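Asks: sequence and predicted structure below; questions after.
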Amino acid sequence: MRKKGIELKRLYAITDTAVAGLSHEKIVEAIIGGGGRLIQLREKELPARDFYRAAEAAVERAHACGARLIINDRADIAKLVGADGVHLGQDDLAPDKARVLLGEDAIIGVSTHSLEQAKIADQLPVDYIAVGPIYRSITKPSASASVLGGQVGLELLRAVKAAVSKPVVAIGGITINNASEVLCAGADSVAVISDLLKYDNIKLRTRKFLEKIDKEFLTS
Ligand code: TZP
Ligand code: MG
């Protein structure tokens, strides 16, 4: 029997060793220190066996502190390290196949860039639908290059939210200054790389980010 649906944290931090200049494990440690409890490990350079080792260390760290760790792209690695789930792009393993591999309790998320993709994702065995890039992203320029105008904007986010029943994660160019408007536009969660990881003190930045969205979003 499928679980009834996951409750996403409002902040979904994503690791990027190039932006942070730190290992995935150290990034996870800093984000957790700042109060983050939902983290995605995103690794695009390492060979599989090094990716596995990094994921193993990161998941151990996350679970020791009560945080959830989702692996980007690789359902096989997510399964092997006992991660909480996998985040899949449009060209990764199909969500139904990842579900077979990871089981009913795993969190599976999928990236979408149009209303059509989001509606399709709503019918798939996934737990959340990511939409982006909401704003231009310097961290993933290819995402911005792939959509007209470099960003899908809050318009698509609103349209997706109105059309799907699953939780929606907004991604791309989200900062401490625009996160509240993204949440107000309907995002259940904001996924962030650079505006957390480009700072020397990631722990402090994560705390400030969480405080700001808690304060602004709850009072808006
Ligand atoms: N997918 C769409 S934009 C993006 C990903 C992984 C990068 C998000 O990074 P940032 O620095 O928060 O814009
Ligand atoms: Mg992918």
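Replies: Received, thanks. Ligands and ions are numbered 1, 2, ... in the order given.
Asks: for the worst-scoring helix or strand of the chain on mean pLDDT, buried residues please.
Replies: Lowest on mean pLDDT, DSSP states H and E among the helices and strands of the chain sits helix 141-145, with a mean of 89. Judged by neighbour count using 16 or more other C-beta atoms under 10 Å, the buried positions of helix 141-145 are Ala143, Ser144. Just so you know, the C-beta spots here come from the backbone N, C-alpha and C atoms, and that holds for glycine as well.
Asks: repeat that for stretch 179-195.
Replies: Across stretch 179-195, burial judged by 16+ other C-beta under 10 Å covers 179-183, 185-195.
Asks: again, but for stretch 24-36
Replies: In stretch 24-36, counting by 16+ other C-beta under 10 Å, buried: His24, Glu25, Lys26, Ile27, Val28, Glu29, Ala30, Ile31, Ile32, Gly34, Gly35, Gly36.
Asks: tell me the contacts of Val147?
Replies: Applying C-beta atoms under 8 Å, 6 or more residues apart in numbering to Val147 gives the contacts His113, Pro133.
Asks: what stretches of this protein score poorly on pLDDT?
Replies: For the chain, applying pLDDT under 70 flags the ranges 1-4, 219-220.
Asks: could you rerun that using 80?
Replies: Residues of the chain that meet the criterion pLDDT under 80 lie in 1-6, 218-220.
Asks: return the residues of it in contact with ligand 2.
Replies: Residues of the chain found near ligand 2 (C-beta under 5 Å from the ion) are Asp73, Gly89, Asp92.
Asks: how about the residues of this protein that lie near ligand 1?
Replies: 132-133, 137, 139-140, 143, 171-174, 192-194 (C-beta under 6 Å from any ligand atom).
Asks: from those residues, which land in strands?
Replies: By the criterion of DSSP state E, membership of the residues of the chain next to ligand 1 in strands covers Ile171, Val192.
Asks: and which of the residues of the chain next to ligand 1 is nearest Glu216?
Replies: The shortest approach to Glu216 among these belongs to Ile174, at 13.5 Å (C-beta to C-beta).
Asks: how far away is the residue lying closest to Leu69 once chain neighbours are set aside from Thr139?
Replies: The shortest distance from Leu69 to any non-neighbouring residue, by C-beta to C-beta, 6 or more residues apart in numbering, is to Ala62 (4.0 Å). From Ala62 across to Thr139, the span is 21 Å (C-beta to C-beta, to the nearest Å).
Asks: who has more neighbours, those two?
Replies: Legend: neighbour count by other C-beta atoms under 10 Å for Ala62 and Thr139, higher for Ala62 (25 against 21).
Asks: just to revisit the earlier point, who's in contact with the least confident helix or strand of the chain?
Replies: His113, Gly132, Pro133, Arg136, Ser137, Gly150, Gln151, Gly172.
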